[in-house]
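Trainee: generate coordinates for the sequence data below:
(chains A and B)
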Amino acid sequence: MKFNAFSNLAALMASAVLMFAVPAHAADDSLTAVMAKKSIALGVASDFPPYGYMGPDFKLTGVDVATAQLIADKLGVKAEFVPVSTPNRIPYLQTKKIDLIVSALGKNAEREKVIDFTVAYAPFFQAVFGPKALNIKSFGDLAGKTIAVTRGTIQDDVLQQVAPPTLKIMRFEDDATTVAAFISQQTQLLATGAAVAAAAVQKNPQVQAEYKLLLKDSPNFIGVRKGESALLSKVNDILRVAKADGTLEQYSQKFLGRGTGVLPD
Amino acid sequence: MIEFNFAVVLAQWPMLMRGLGLTMVLTAASAVLGAMLGTACAWARLHGGMVLKRVVGLYVELVRNTPFIIQLFFIFFGLPSIGVRLSVELACVLAMVLNLGAYACEIVRAGLQATPRGQLEAAMSLALTPWQIFSRVVLPPALARIWPALVSQIIIVMLGSAVCGQISAEELSQAANLISSRTFRSFESYIVVTLAYLVLAVALRQLLNWFGPRFIFVSR
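Mentor: Alright, predicted model coming up:
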């Protein structure tokens, strides 16, 4: 009986493997597919103000959503927004649930191994925030403290590299939970995007939080499935035009309250 | 074909082992405390005073009619606003104990209520005290009757501990999530962790089925 159960399980696993069997190197056909079905699936955050969030009218809005809409408009197709979380957005792209990631995605070496990036479209500063009473001047001062961070983000990565080993890094599944952990004072510090922290601090004045340390100046890029060079160059063309004619600057001013600064091409 | 690469996932085995360890500790603590709480609540619902019955009834309904993750968030994110700040591990154990306690209460109560009337009358005719009747005559056969259901509930709570990763407890599923976000090998990570949970659940069921009749109640 036991053996039977396990061999059945093995068979199930094997068939699951076959079912999920997809070409490792995607054919360069996403652009054609998007144009044919006249809609593009865009992975955006829905809980990450001011980048991608649900507005008071229950419509998605933010820098990312505006940029994603612009791309769909310029391609002349319908924008189909798919809410993604920070940890699941790359798997969603890899498994073709979405065609592009437009959700405050930063670029690093590990990610470049698995997906491609367009040119940058918006600024993003990641920093450590904490209460005014706490004296933090350098990464060394983080020793023995607790910090909330979203799992699998650039700030998670950077913290692991620069922080002293006695810093207790507590990882949460999305930015809303990470911020909640800090606001409810379950952690002493918070590592997240500057714009996100600003919104959280403004809504919760009782925590008396302020900017402490810069982790990384890491602008946002749009993520494209590895090998989809036709779609990549099309999106790059759209973004370069939008940068030149001031559209991106206008989005940044509207949602972030400051200009884009110099974005890497 | 998709290329599987289990090596990069298994290379992170210390993290997987730590996750497995925490899942086992959380499960052990909440199984023992939760089963005790459940038994006490079952007694209270049957033999307690009016107020106690109402309070326990409210607790059972509250826990059984709300999602576990909400209970966990309430304890971890909600309680600090009234000054109760628990560590991650303590918050997880508390949530799991409260959850198991409510379900175990109803399971144990069913066992207690199935005691044949004649058995109670026989015990009373021997002039046993109410506590002796409960602990010697009613409880052991009741536990023997409901043991499979209780074991299943403990396993459900063990599997439910996977959501403890949401409040940054570094248990097994959080370990898998971390590995998948570091290696981008999500399918492999989840296959490994699925097998780990499967083995853990089968082993736990065997252990409790062996343990129960020998130490908790003596079946004849």
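
Trainee: tell me the contacts of the closest residue to chain B within chain A?
Mentor: Closest residue of chain A to chain B, CB to the nearest CB: A:Gly152 (2.9 Å). The way it works is simple: take the backbone N, C-alpha and C, and place the C-beta from them, glycine included. With contact taken as CB atoms under 8 Å, 6 or more residues apart in numbering or on different chains, A:Gly152 is in contact with A:Thr86, A:Pro87, B:Asn177, B:Leu178, B:Ser181, B:Arg182.

Trainee: can you pull the phi and psi angles for whichever residue of chain B sits closest to chain A?
Mentor: The shortest separation between chain B and chain A is 2.9 Å, found at B:Ser181 (distances taken as CB to the nearest CB). Note on B:Ser181: backbone dihedrals following degrees, to the nearest 10 are phi -80, psi -20.

Trainee: what residues of stretch B:191-206 count as buried?
Mentor: With burial defined by 16 or more other CB atoms under 10 Å in any protein chain shown, the residues of stretch B:191-206 counted as buried are B:Ile191, B:Val192, B:Val193, B:Ala196, B:Tyr197, B:Leu200, B:Ala201, B:Leu204, B:Arg205.

Trainee: okay if I get those residues as JSON lines plus pLDDT?
Mentor: Formatted as JSON lines, the entries for those read as follows, by pLDDT from 0 to 100:
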{"residue": "B:Ile191", "pLDDT": "93"}
{"residue": "B:Val192", "pLDDT": "93"}
{"residue": "B:Val193", "pLDDT": "94"}
{"residue": "B:Ala196", "pLDDT": "95"}
{"residue": "B:Tyr197", "pLDDT": "97"}
{"residue": "B:Leu200", "pLDDT": "96"}
{"residue": "B:Ala201", "pLDDT": "97"}
{"residue": "B:Leu204", "pLDDT": "96"}
{"residue": "B:Arg205", "pLDDT": "96"}
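
Trainee: let's have the residues you listed in JSON lines, adding secondary structure and distance to A:Asp245.
Mentor: Converted to JSON lines, those look like this (DSSP: H, G, I helix; E, B strand; the rest coil; distance: CB to CB, whole Å):
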{"residue": "B:Ile191", "secondary structure": "helix", "distance to A:Asp245": "48"}
{"residue": "B:Val192", "secondary structure": "helix", "distance to A:Asp245": "49"}
{"residue": "B:Val193", "secondary structure": "helix", "distance to A:Asp245": "48"}
{"residue": "B:Ala196", "secondary structure": "helix", "distance to A:Asp245": "54"}
{"residue": "B:Tyr197", "secondary structure": "helix", "distance to A:Asp245": "53"}
{"residue": "B:Leu200", "secondary structure": "helix", "distance to A:Asp245": "58"}
{"residue": "B:Ala201", "secondary structure": "helix", "distance to A:Asp245": "59"}
{"residue": "B:Leu204", "secondary structure": "helix", "distance to A:Asp245": "63"}
{"residue": "B:Arg205", "secondary structure": "helix", "distance to A:Asp245": "65"}
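
Trainee: near chain A, from those?
Mentor: Among the buried residues of stretch B:191-206, the ones lying close to chain A by the criterion of CB under 8 Å from any CB of the partner chain are B:Ile191.

Trainee: got the buried residues for the helix or strand encompassing B:Ile70?
Mentor: B:Ile70 is part of helix B:68-73 when elements are defined by DSSP states H and E. Taking 16+ other CB under 10 Å as the basis for neighbour counts, the residues of helix B:68-73 that come out buried are B:Phe68, B:Gln71, B:Leu72, B:Phe73.

Trainee: ok, now stretch A:131-151?
Mentor: Applying 16+ other CB under 10 Å to stretch A:131-151 flags A:Pro131, A:Ile136, A:Phe139, A:Asp141, A:Leu142, A:Lys145, A:Thr146, A:Ile147, A:Ala148, A:Val149, A:Thr150, A:Arg151 as buried.

Trainee: now stretch B:128-136
Mentor: Buried residues in stretch B:128-136, counting neighbours by 16+ other CB under 10 Å, are found at B:Leu128, B:Ile133, B:Phe134.

Trainee: which of the buried residues of stretch A:131-151 fall in strands?
Mentor: In this view, the buried residues of stretch A:131-151 that belong to strands under DSSP state E are A:Pro131, A:Thr146, A:Ile147, A:Ala148, A:Val149, A:Thr150.

Trainee: look up the pLDDT of the fifth one for me, please.
Mentor: Per-residue confidence for A:Val149 comes out at a pLDDT of 95.

Trainee: let me see the contact set for it.
Mentor: Contact partners of A:Val149, counting by CB under 8 Å, 6+ apart, are A:Gln155, A:Asp156, A:Leu159, A:Ile169, A:Met170, A:Arg171, A:Phe172, A:Thr178, A:Leu190, A:Ala191, A:Thr192.

Trainee: include distance to chain B and secondary structure when you put the residues you listed into a markdown table, please.
Mentor: What follows is these, written out as a markdown table (distance: CB to the nearest CB, whole Å; DSSP: H, G, I helix; E, B strand; the rest coil):
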| residue | distance to chain B | secondary structure |
| --- | --- | --- |
| A:Gln155 | 13 | helix |
| A:Asp156 | 8 | helix |
| A:Leu159 | 13 | helix |
| A:Ile169 | 9 | strand |
| A:Met170 | 4 | strand |
| A:Arg171 | 5 | strand |
| A:Phe172 | 6 | strand |
| A:Thr178 | 9 | helix |
| A:Leu190 | 13 | strand |
| A:Ala191 | 13 | strand |
| A:Thr192 | 14 | strand |
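
Trainee: and the strands in chain A?
Mentor: A:39-44, A:47-48, A:52-54, A:60-61, A:78-83, A:100-105, A:115-122, A:125-131, A:146-150, A:168-172, A:189-193, A:209-217, A:220-225.

Trainee: any residue of the second one touching chain B?
Mentor: Read that as strand A:47-48. No: with CB under 8 Å from any CB as the threshold, strand A:47-48 lies outside contact range of chain B, at a closest distance of 14.0 Å.

Trainee: sheet partners, orientation included, of that strand?
Mentor: Under the criterion DSSP bridges, strand A:47-48 sits next to strand A:52-54 (antiparallel) in its sheet.

Trainee: and A:Gln126, how far from A:Asp28?
Mentor: Using CB to CB, to the nearest Å, one gets 33 Å for the distance from A:Gln126 to A:Asp28.

Trainee: who has more neighbours out of those two?
Mentor: Counted by other CB atoms under 10 Å in any protein chain shown, A:Gln126 and A:Asp28 do not tie: A:Gln126 has more neighbours, with 24 against 14.

Trainee: which strand residues sit across from that one in the sheet?
Mentor: Following DSSP bridges, A:Gln126 is listed with bridge partners A:Gly193, A:Lys216.
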